[in-house]
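> Okay, predicted coordinates and the sequence, questions at the end:
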Amino acid sequence: MPEVIHGVDRRPLIAGRTLFEYADEVATDVPASCRRTGRCRECVVEVRQGGEALSERTAPEAYLPGQFRLACQAKVVELTSDIEFSIIRRRMRILGASGEQPTRIDPVVTADDMAVRYAGQPIDLRRANVLGLAVDIGTTTVAFQLIDLLSGQAVAGGALENPQRFGGSDVMTRISYERDHPGALRTALRRALNHELRDMYRELGVDRHEVYEAVIVANSTMRDLYFDLDVSPMGESPYRSTTEIAMRAGEASSTWLHRRAHEIGLLMNPHGRVVGAPLIASHVGADTAADLTAIDFEGGRGIRMLIDIGTNTEVVVTDGTRYLAASCPAGPAFEGGLVRFGMPGADGAIESVRLVDGRFELGTIGEVDPAGICGSGLVDLLAELLRAGWMDPEGRFGNGRTEYTIAPEQLISFSRSDASLLAQAKAANACGQRILLRRLGVTAADLDHVYLAGGFANAVDVRNAIEIGLLAPAPVERVERVGNAALRGAVALLLSASRRTALDGLISRIEHVELETEADFFELFVEGCRFVPLDA
């Protein structure tokens, strides 16, 4: 009998039931605040198969494309085929702003016995707490941290899957979606983030009026979407934010953004400020700027490279004199997008793979049954297939096979088309690293330090990543995982006005490199699609 499938859970089809009711039955938390009337538009799900067995779209769903539906509106009407769906806004494995507590604290928000002040001006009477928010908005995930602005200590934090996935898995498709459906992406993210903040405040017993500043870091498109700016220039050459265009025209002194909280709709003190960190150039955004702050990139020694791997991978290299930066349009494959059983780093994601005696040994986040495979697991899988001779460097499988079954009980497999998607994502990363090293006149062997930033990079096996050509072949002992450096940098900027000034100085020194303008870019990209170590 046909079934409704959510992750590893299966239930028989019953005509008239909504996908929301099936999610309830398997104890899956679907976001909603409108009592399932379709007004809040929070319960977006992705229907991976069997969409034809569901009811026609209702008016509240008109803004959703293709396979995306509202769980409260989509009803089973045909009992002829399996229906598989997944929740978009899952809680993610939290990769917070780990690292040493900041020693330099000079926040813009201060407090005395009488008042809380912003840049010296009173904005509220003194309350029990003086708090701030650091938020890292990624294309795939969103992470945040609540900070005590007087002590610099972290109070709490969280992470969630970016609910904007219905608008596309990369920034270019979201730019197009925003053009056709203005405001839908912004609304989805603001509601999702506020939902998480409301829960956190309730658990802590914190009044939202005690939160006086938020620092937002994100890639250029995600930042501008959140601040309700026109993102269409980001989709056309030379791919610049309206803030960068204004700065270049002399109409603004920087790309920083400053808004009052009530203008943005962020759940905090309405008279507080929401600050968008500055961009470096084009698609090298505020998240990369925050990375550089977190690791004190300017203060380091020797030849250094930062790689923040994501849907858009950013690479920055320096020899202490020149600073070069580039954005690599890697796409979402290594973050769980497009790959048939791919998923971000949430519970149930296969995060490690070993091939032992012809069988796959798997490690999952949360040590639960596999529900899919995330980026670190995909890197391991590719490396293991290569070593075993089950896949050649061109991504062809042995014995004419088209797929390998990774988790038989859960029917999770890996196909040649999956390998092809990963090859292209890997090639974009490879091109960025090779071209910047070449521009600087150094090789990977010359690198004194390589910083890997982001959730995926924090979990990846470095040797495997080098073996498949995802990372430049620097000596492994010189590679350092720096976790969610973007969030840590957001915390540093939240806590220090002087660090904001220092960041402006560093950004002014960085040369932006447009990879596609290199004469041999296409040749490098094609070569980068092979699963072999980089010649860098």
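That came through, no problem. Numbers count the residues shown, from 1 in each chain.
> What separation is there between the residue nearest to the spatial centre of the chain and residue 277?
For the chain, the residue nearest the mean C-alpha position is residue 138 (3.1 Å; CA atoms, centre = their mean). Distance, residue 138 to residue 277, by CB to CB, to the nearest Å: 14 Å. From N, CA and C alone the C-beta is placed, and that goes for glycine too.
> Per-residue pLDDT of the residue nearest to the centre of the chain, please?
Here the pLDDT value assigned to residue 138 is 91.
> Could you list the low-pLDDT ranges of this structure?
1, 7-8, 26-29, 89-103, 536 (pLDDT under 70).
> How are the helices of it distributed by residue range?
19-25, 171-180, 184-204, 220-226, 242-248, 261-264, 286-294, 375-388, 416-440, 455-459, 462-467, 485-495, 497-507, 521-528 (DSSP state H).
> what's around residue 422, how many residues?
When counting by other CB atoms under 10 Å, one arrives at 28 neighbours for residue 422.
> List the contacts of the residue nearest to it when sequence neighbours are not counted.
Residue nearest to residue 422 in three dimensions, not counting chain neighbours: residue 333, with 5.1 Å by CB to CB, 6 or more residues apart in numbering. Applying CB atoms under 8 Å, 6 or more residues apart in numbering, we find residue 333 in contact with 339, 342, 378, 421-422, 424-425.
> who wins for neighbours among the residues you listed?
For these, neighbours tallied by other CB under 10 Å; top is residue 378, 31 neighbours.
> Tell me the one of the contacts of residue 333 nearest residue 17?
Nearest to residue 17, judged by CB to CB, of the contacts of residue 333 is residue 342 at 28.0 Å.
> ok so, going back, mind putting the helices of the chain in TSV, distance to residue 129 included?
Below are the helices of the chain laid out as TSV (distance: least, CB to CB, whole Å):
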stretch	distance to residue 129
helix 19-25	36
helix 171-180	35
helix 184-204	9
helix 220-226	25
helix 242-248	32
helix 261-264	16
helix 286-294	24
helix 375-388	37
helix 416-440	42
helix 455-459	29
helix 462-467	40
helix 485-495	15
helix 497-507	20
helix 521-528	50
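> among those, which is nearest residue 127?
That would be, of the helices of the chain and by CB to CB, helix 184-204, which comes in at 13.2 Å.
> Need the contact partners of the closest one.
31, 33, 40-42, 44, 63, 89, 133, 135, 137, 142, 144, 146, 155-156, 158, 160, 162-164, 166-167, 174, 177-178, 206-208, 225-226, 228, 264-268.
> before we move on, what about stretch 504-520?
Stretch 504-520 is contacted from outside by 238, 254, 278, 280-282, 284, 289, 292, 297-298, 316, 322-328, 431-432, 435-436, 439, 521, 524, using CB under 8 Å, 6+ apart.
> what domains does the record give for the chain?
3-87, 109-287 (automatic domain parsing).
> tell me how far the first one is from the chain's mean position?
Relative to its chain's centre, domain 3-87 lies at 25 Å (CA atoms, centre = their mean, to the nearest Å).
> ok, residue 449 to residue 320 distance?
Noted for residue 449: a distance of 11 Å to residue 320, by CB to CB.
> Neighbour count: these two, which is higher?
Neighbour totals were compared for residue 449 and residue 320, and residue 449 leads with 17 against 12 (other CB under 10 Å).
> Could you export the contacts of residue 333 as CSV, including distance to residue 529?
Shown next, in CSV, are these (distance: CB to CB, whole Å):
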residue, distance to residue 529
339, 16
342, 18
378, 15
421, 11
422, 10
424, 6
425, 10
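> of all those, which comes closest to residue 85?
Scanning the contacts of residue 333 for proximity to residue 85, where the rule is CB to CB, the winner is residue 342, at 15.8 Å.
> Let me see the contact set for the closest one.
Contacts of residue 342 by CB under 8 Å, 6+ apart are 333, 335-336, 372-374, 378, 418.
> By neighbour count, which of these wins?
residue 378 (31 neighbours).
> Tell me if I'm right that it and residue 423 touch.
No: at 11.4 Å, residue 378 does not count as touching residue 423 under the criterion of CB atoms under 8 Å.
> can you redo the domains of the chain as CSV with distance to residue 530?
Formatted as CSV, those follow (distance: least, CB to CB, whole Å):
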stretch, distance to residue 530
domain 3-87, 30
domain 109-287, 23
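> Mind checking those domains for the one nearest to residue 398?
The nearest among the domains of the chain, by CB to CB, is domain 3-87 at 28.1 Å.
> end to end, how far does the closest one reach?
17 Å (CA to CA, to the nearest Å).
> From residue 331, how far out is residue 416?
Counting by CB to CB, the gap from residue 416 to residue 331 is 17 Å.
> So if I had to pick from those two, which one is more boxed in?
For residue 416 versus residue 331, neighbours defined as other CB under 10 Å are more numerous around residue 331 (23 against 15).
> The more buried one: what's its closest spatial neighbour, skipping adjacent residues?
Once flanking residues are discounted, residue 331 sits nearest to residue 425: 5.0 Å by CB to CB, 6+ apart.
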